[in-house]
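Student: Give the three-dimensional model of this entry:
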Amino acid sequence: MTTFSVRNFLAAAVVAACLPLVPHTASAAPAANLPDFTDLVDKVGPAVVNIRTTTRVSSSGLRGGLPPGMDDGDMSEFFRRFFGIPMPQSPQSPGSPQTPGAPRGGDNGGSGGTPDAPDGSDPEQNSGVGSGFILSADGYVMTNAHVVDDADTIYVTLTDKREFKAKLVGVDDRTDVAVVKISAGNLPTITIGDSNKVRVGEWVVAIGSPFGLENTVTAGIVSAKGRDTGDYLPFIQTDVAVNPGNSGGPLINMQGEVIGINSQIYSRTGGFMGISFAIPIDEAMRVADQLKASGKVVRGRIAVAIGEVTKDVADSLGLPKAQGALVSSVEPGGPADKAGVQPGDIILKFNGHSVDTATDLPRMVGDTKPGTKSTITIWRKGQTRDLPVTIAEMQPDKSAKADQKKPQPPKQRATNVLGVAVSDIPSDQLKALKLRNGVQIDAVDGPAARVGLQKGDIILRVGDTDITSAKQFDEISSHLDSQKMVALLVRRGETTQFVPIRPRSGTK
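Tutor: Numbering: from 1, shown residues only. Model (predicted):
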């Protein structure tokens, strides 16, 4: 049986060898449809630049961190031979893409210190390498703010190897955009696209200097739009390979237009892991125009601290869906305070434009010229209201930190359906806290403890009802339905927020 099977196999092999070769068109078709980036790179490549930054350091600090007996040249040769990359400088060097949710990646191709300056001043040390692109033929270049952070000198190298010392025109840390200027003319420029027309799934290309390797091209697709990473701007998410040194380089569509600035990666290692983020070019150009005109960016503010509206909060307050920005605190005397905005309000619209998430509001207000009379639509106690507000100019950020004291063990047990024991607040204390009403939590257990309420918190409202006394609070609590969530408006320190809680059953 074995011999018969082998003979049959050999016969089949001979017949197959004699058949004419026919191309497999089904598998060849996809390859024919793959994009060709060569013309695009030829068109755009000359407008992409390498940016190198240096800082002045004391001579005693040049060799810090090297193993005994090794100098910078030895280390550079080691990295070149065994890793094929320039020697890293430090985990926090300026040209690395920022990495939300993880430490920033490694260095950007710096090569260590330079010899002492001839005039006896402190020598320059390479602090990082990034990328950028030419906005105009007279030498304006756009890059990331974190590429040029803390740089004493900025060098811009063109694709024809000419190097220029650049002047810093302006930086905007909030959007991570910077503009520098070199003294040159008739430079190749890049075409600005429209980031609003970007489609998920379209092919895009990045050109930059990963690990200091100039004019490197990587390609991929747009993975998502409007990606919120907690920063001021929504990002374009791609799977284009972006690594330390790519920061500030352009993200380009198939028409050869820049649609974003490569700025961040999501990484647990500091290197590319399949997710990168680009600043939309529309937002970046608005910032660049202001930086070129005045060296700074002017933004509007209404002086509120806001938070996200969760589904539980929306359901408990009767909102059709989880949207808007929850006002957690209002700056006394600020535009929102003068307009009548209160902690616990939910801002649904700004000048008629829907506020879908909390991060939408700062961008909308920030893009509004100070002094402009605007309208905000709020949700309060089951109703919408339009409030007129005059936009003020944004000042340097002030971080309002909530009281982070650890909760103390309760001295008494809370026995109502919410698991909260409360007491009245003296009128003079209410006045000092600039509150009209509220009761103070003396003890928590059960449902209240599970949602994080603490002794010392102040309950301002249960659902749509303002709380004016402990007796009233206990009365309202006794009639709550254990099958429905209820939202408590709670103040802790300087922060006010809704806390959804489900009453327990069987305890009155």
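Student: start to end distance for stretch 309-320?
Tutor: 12 Å (CA to CA, to the nearest Å).
Student: Now do that stretch: everything it contacts.
Tutor: Stretch 309-320 is contacted from outside by 321-326, 346, 358, 379, 382, 463-464, 484-487, 498, 500, using CB atoms under 8 Å, 6 or more residues apart in numbering. From N, CA and C alone the C-beta is placed, and that goes for glycine too.
Student: Could you list which of those residues belong to strands?
Tutor: In this view, the contacts of stretch 309-320 that belong to strands under DSSP state E are Ala325, Leu326, Ile346, Trp379, Val486, Ala487, Phe498, Pro500.
Student: Surely the third one is in contact with Trp379?
Tutor: Yes - taking contact to mean CB atoms under 8 Å, the distance of 4.2 Å between Ile346 and Trp379 places them in contact.
Student: what do the two both touch?
Tutor: In contact with both Ile346 and Trp379: Leu317, Leu319, Gly324, using CB under 8 Å, 6+ apart.
Student: In a strand, the second one, correct?
Tutor: No - with the criterion set as DSSP: H, G, I helix; E, B strand; the rest coil, the secondary structure at Leu319 is coil rather than a strand.
Student: Tell me the pLDDT of it.
Tutor: Here, the pLDDT recorded for Leu319 equals 89.
Student: Near it, how many other residues are there?
Tutor: Applying other CB atoms under 10 Å, we find 17 residues neighbouring Leu319.
Student: Over to the last one?
Tutor: Residue neighbour count, defined by other CB under 10 Å, stands at 27 for Gly324.
Student: tell me the contacts of it?
Tutor: Gly324 sits in contact with Val309, Ile346, Ile347, Leu348, Val355, Asp356, Ala358, Trp379, where contact means CB under 8 Å, 6+ apart.
Student: cutoff 6 Å now
Tutor: Val309, Ile346, Ile347, Leu348, Val355 (CB atoms under 6 Å, 6 or more residues apart in numbering).
Student: Of those, which is the nearest to Arg301?
Tutor: Checking these against Arg301 by CB to CB gives Ile347 as the nearest, at 13.5 Å.
Student: related to what we said a few turns ago, dump the ones in strands among the contacts of stretch 309-320 into TSV; add distance to Arg56, pLDDT and neighbour count as well.
Tutor: Formatted as TSV, these follow (distance: CB to CB, whole Å; pLDDT from 0 to 100; neighbours: other CB atoms under 10 Å):
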residue	distance to Arg56	pLDDT	neighbour count
Ala325	44	91	27
Leu326	47	92	25
Ile346	51	93	24
Trp379	54	93	22
Val486	61	88	21
Ala487	56	88	23
Phe498	51	88	26
Pro500	54	89	17
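Student: Met394: which of those is nearest?
Tutor: Ala325 (16.3 Å).
Student: quick one: buried residues of stretch 416-433?
Tutor: Residues Asn416, Val417, Leu418, Gly419, Val420, Ala421, Val422, Asp424, Ile425 are the ones in stretch 416-433 that count as buried (16 or more other CB atoms under 10 Å).
Student: that older thread, tabulate the ones in strands among the contacts of stretch 309-320 in CSV, adding columns for distance to Val148.
Tutor: Shown next, in CSV, are the ones in strands among the contacts of stretch 309-320 (distance: CB to CB, whole Å):
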residue, distance to Val148
Ala325, 32
Leu326, 36
Ile346, 39
Trp379, 43
Val486, 51
Ala487, 46
Phe498, 42
Pro500, 45
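Student: Leaving out sequence neighbours, find the closest residue to Arg436.
Tutor: Closest residue to Arg436 apart from its sequence neighbours, by CB to CB, 6 or more residues apart in numbering: Leu430 at 7.2 Å.
Student: Can you say which helix or strand has the one you found in it?
Tutor: Per DSSP states H and E, Leu430 falls inside helix 427-432.
Student: Quick one: list the elements packing against that helix.
Tutor: Using 3 or more CB pairs under 6 Å, 6 or more residues apart in numbering; DSSP states H and E, no helix or strand is in contact with helix 427-432.
Student: so where is the stretch 401-508 of the chain shaky, pLDDT-wise?
Tutor: Counting by pLDDT under 70, the stretch 401-508 of the chain shows low-confidence ranges at 401-415, 506-508.
Student: can you map out the strands along it?
Tutor: 420-424, 439-444, 458-462, 465-466, 486-492, 495-501 (DSSP state E, counting those that start in this stretch).
Student: now do the stretch 51-200 of the chain
Tutor: Remark: strands assigned in the stretch 51-200 of the chain by DSSP E, counting those that start in this stretch are 124-134, 140-143, 153-157, 163-172, 177-181, 191-192.
Student: For Ser505, which of the ones you listed is the nearest?
Tutor: Per CB to CB, nearest to Ser505 of those: strand 163-172, 53.7 Å.
Student: who's in contact with that closest one?
Tutor: Contacts of strand 163-172 (CB under 6 Å, 6+ apart): 145, 154-157, 178-182, 287, 291, 295, 297.
Student: What part of this structure, helix or strand, is modelled with the least confidence?
Tutor: Of all helical and strand segments in the chain, the minimum by mean pLDDT, DSSP states H and E falls on helix 2-18, at a mean of 42.
Student: In contact with the nearest residue to Glu124 once chain neighbours are set aside, which residues?
Tutor: Spatially, and ignoring its direct neighbours in sequence, Glu124 is nearest to Thr54 (4.0 Å; CB to CB, 6+ apart). By CB under 6 Å, 6+ apart, Thr54 lies in contact with Glu124, Asn126, Ser127, Thr153.
Student: Kindly state the pLDDT recorded for the third one?
Tutor: The predicted structure scores Ser127 at 74 on the pLDDT scale.
Student: any weak-confidence spans in this protein?
Tutor: 1-32, 57-123, 230-231, 269-270, 395-415, 506-508.
Student: How is it partitioned into domains?
Tutor: Domain assignment of the chain by automatic domain parsing yields the ranges 42-58+76-294, 304-393, 420-501.
Student: mind putting those domains in CSV, distance to Asn33 included?
Tutor: Below are those laid out as CSV (distance: least, CB to CB, whole Å):
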stretch, distance to Asn33
domain 42-58+76-294, 11
domain 304-393, 36
domain 420-501, 51
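Student: Which one, of the ones you listed, ends up nearest to Leu34?
Tutor: When these are compared by CB to CB, domain 42-58+76-294 sits nearest Leu34, at 9.4 Å.
Student: Now do the end-to-end distance for the closest one.
Tutor: Start-to-end span of domain 42-58+76-294 (CA to CA) is 34 Å.
Student: That one: how far from the chain's middle?
Tutor: 16 Å (CA atoms, centre = their mean, to the nearest Å).
Student: and if you look at stretch 378-393?
Tutor: Distance, centroid of stretch 378-393 to centroid of chain: 27 Å (CA atoms, centre = their mean).
Student: buried ones in that stretch?
Tutor: Ile378, Trp379, Arg380, Leu387, Val389, Ile391, Ala392.
Student: out of the contacts of strand 163-172, who has the most neighbours?
Tutor: Ala178 (30 neighbours).
Student: picking up where we left off before, ok, the residue nearest to Glu124 to Pro280 distance?
Tutor: Per CB to CB, to the nearest Å, Thr54 is found 31 Å from Pro280.
Student: what does Leu480 give?
Tutor: To Pro280, Leu480 is 46 Å away according to CB to CB.
Student: now do Ser478
Tutor: Separation of Ser478 from Pro280 (CB to CB) stands at 53 Å.
Student: Name the residue in those two with the higher neighbour count.
Tutor: Pro280 (24 against 12).
Student: wait, isn't the more buried one in contact with Ser195?
Tutor: Yes - counting by CB atoms under 6 Å, Ser195 is a contact partner of Pro280 at 3.7 Å.
Student: Determine the number of other residues adjacent to the residue nearest to Ser505 when sequence neighbours are not counted.
Tutor: Excluding its sequence neighbours, the residue lying closest to Ser505 (CB to CB, 6+ apart) is Ser482, at 3.8 Å. When neighbours are counted by other CB under 10 Å, Ser482 registers 12.
Student: Pull out the buried residues from the contacts of Thr54.
Tutor: The neighbour-count test (16+ other CB under 10 Å) marks Glu124, Asn126, Ser127 as buried among the contacts of Thr54.
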